[in-house]
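# Mind folding the following:
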Amino acid sequence: MSPEPSALSPAPTAIQREQVVQRLCSHFASNHLTMDELEQRIDQAYKAPSVTELDALVTGLPVLADDPSVATPDSLVPTSAPALPANVPDRDVLIGIMSGHTRRGPWAVPRHLKVFTVMGGIVLDLREALIAPGVSEIEITAIMAGVEIFVPPGVRIECTGSAFMGAFEVDQRAQSLAVAGDERIIRVTGFAMMAGVDAKVRPPKDRTKLRG
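So this is what the prediction gives:
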C-alpha cells in the first residue's frame, strides 16, 4: 500500500504559509480570484498539512508580474499601501446611541478616532480606507453595544482594550498577515461593558460582483 501524498511532503513552516497567503492576496488584487475563493484558499493555507497541498493552492493561477514566491525564506514581499490623502485628519468622533453607524469606502482614517456607542452598533470598514503609515488609534467606549472593525490583509492590529461582561476580540491573522514594509498599525483601545468589540481581517470587496 503506497503512502498518502501528504506523508511524502513535510509540514509547511509558518513563513511558507504566510508567503502563500501573500501570493493569494496578490492574485486577488489582480482579479485572478474572487473574494469567496480568496477567503477559502486562505483558510486552506492555514490548515494545509503538507507543503505539496499548500503549493497546490497557487498552482494553475496566472503568473504575477512580481511573484513573491521568489523571495528568500526570511522575507516577504510587502503589499502596496493605498495612496494617502494630502492631510490625514488628526481627530474625529463617531457616536451611536440606540442607533447604528457605518463608515466604509475610501475614507481617511484619522490618527485618533473616538467611538462612543450605547445600545447601538458601529461598523468601521477599513478595507478601502486611506490609512497613514504609523499608528492610527481607535478609542472605543461601548455599553450594551457592538463594534465591528474590518481591516485589509497587511495592516497590523494591536488591542489594549478592557471589558466588563464583554469582550475585545482580534483576528490573529492580523498579526501573521502583517508584512515587512507595511508600517500601518490600527491600535484599538477603550472599554466595553456588556458589549463586544470585534476586529477582523477581510480582503477588499470584489467590485466585479457588485457590477454584475
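# drop to CA atoms for contacts and neighbour counts, all remaining ones
OK.
# Does Gly96 touch Ile122 like I think?
Yes: here Gly96 reaches Ile122: they are 6.9 Å apart, a contact under C-alpha atoms under 8 Å.
# and the helix ranked longest in the chain, which residues are buried?
For the chain, the longest helix by residue count, based on DSSP state H, is helix 14-29. Across helix 14-29, burial judged by 16 or more other C-alpha atoms under 10 Å covers 16-28.
# Could you list the domains of this structure?
Structural domains annotated on the chain: 5-70, 91-211, as defined by automatic domain parsing.
# Export the ones you listed to a markdown table and append columns for mean pLDDT.
Formatted as a markdown table, those follow (pLDDT from 0 to 100):
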| stretch | mean pLDDT |
| --- | --- |
| domain 5-70 | 77 |
| domain 91-211 | 85 |
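# okay, those, which one's buried deepest?
By mean neighbour count, with neighbours taken as mean count of other C-alpha atoms under 10 Å, domain 91-211 ranks first of the domains of the chain at a mean of 18.
# now that one: how far from the chain's centre is it?
How far domain 91-211 lies from its chain's middle: 10 Å, per C-alpha atoms, centre = their mean, to the nearest Å.
# Going by residue numbers, what spans are strands in this structure?
91-97, 100-103, 112-118, 121-125, 134-143, 146-151, 156-159, 162-164, 167-170, 184-193, 196-201 (DSSP state E).
# okay, those in a markdown table with distance to Asp36 next?
Output for the strands of the chain, formatted as a markdown table (distance: least, C-alpha to C-alpha, whole Å):
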| stretch | distance to Asp36 |
| --- | --- |
| strand 91-97 | 31 |
| strand 100-103 | 23 |
| strand 112-118 | 30 |
| strand 121-125 | 18 |
| strand 134-143 | 28 |
| strand 146-151 | 16 |
| strand 156-159 | 22 |
| strand 162-164 | 33 |
| strand 167-170 | 21 |
| strand 184-193 | 25 |
| strand 196-201 | 14 |
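# Minimum distance to Pro49: which of the ones you listed has it?
strand 196-201 (22.8 Å; C-alpha to C-alpha).
# so what does the longest helix of the chain touch, helix or strand wise?
helix 35-47, helix 51-55 (3 or more C-alpha pairs under 8 Å, 6 or more residues apart in numbering; DSSP states H and E).
# hmm, try it at 10 Å
Here helix 14-29 is seen to pack against helix 35-47, helix 51-55, helix 173-176 when contacts are counted using 3 or more C-alpha pairs under 10 Å, 6 or more residues apart in numbering; DSSP states H and E.
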